[in-house]
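Student: Take a look and give me a structure for this.
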Amino acid sequence: MKKFIAKIATLASLIIILDSFKFWPIFMEFFFAGIIPGTNHRIDPGLMLVSFSIIAAGLIFKAFVLSYIRKSYSLKPTHAKLKTNSKLV
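Tutor: Model (predicted):
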């Protein structure tokens, strides 16, 4: 329970710190318009689409494919080693 409370407090403090730097409007401008923070330059929409597609594919791979792989490896039965006498008679 203490770890849960510590994680919630850390997340809340991170949100407050990001809000004090006015992170959310800057993030939304970057996300929707491609405006690079601190400049007047914009990212090409095609490049934004490719970069968001790569990020989405990575998140989907991590969320679904890796969990399926881990689950399938954990379900495989393990074979017990046969106990044999190593001495040749």
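
Student: Quick one: the helices in this structure, in order.
Tutor: Secondary structure of the chain (DSSP state H): helices at 2-20, 23-33, 45-60, 66-75.

Student: could you dump those helices to CSV with distance to T39?
Tutor: C-beta here means a position set from N, CA and C on the backbone, and glycine is covered the same way. Converted to CSV, the helices of the chain look like this (distance: least, Cβ to Cβ, whole Å):
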stretch, distance to T39
helix 2-20, 20
helix 23-33, 11
helix 45-60, 15
helix 66-75, 36
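
Student: averaging pLDDT over each of those, which comes out lowest?
Tutor: Mean pLDDT is lowest for helix 66-75 among these, at a mean of 75.

Student: Name the residues of that helix that come out as buried.
Tutor: Within helix 66-75, no residue counts as buried by 16 or more other Cβ atoms under 10 Å.

Student: and what of stretch 43-59?
Tutor: M48.

Student: contact partners of that stretch?
Tutor: G34, I36 (Cβ atoms under 8 Å, 6 or more residues apart in numbering).

Student: any idea how far that stretch is from the chain center?
Tutor: Centre-to-centre, stretch 43-59 and its host chain are 15 Å apart (Cα atoms, centre = their mean, to the nearest Å).

Student: going forward, begin numbering at 25 instead of 1
Tutor: Sure, I'll start numbering at 25, so the last one becomes stretch 67-83.

Student: my guess is R66 meets E53, correct?
Tutor: No: the pair R66 / E53 is not scored as a contact, 9.9 Å apart, by Cβ atoms under 8 Å.

Student: hey, what's in contact with both of those two?
Tutor: Both R66 and E53 are contacted by I59, under the criterion Cβ under 8 Å, 6+ apart.

Student: Report the contact partners of H65.
Tutor: I59.

Student: gap between it and S91?
Tutor: According to Cβ to Cβ, to the nearest Å, H65 and S91 sit 38 Å apart.

Student: now G62
Tutor: 38 Å.

Student: Roughly how far does the residue nearest the centre of the chain sit from T34?
Tutor: When Cα atoms, centre = their mean is applied to the chain, the residue found nearest the centroid is L83 (5.8 Å). Distance, L83 to T34, using Cβ to Cβ: 22 Å.
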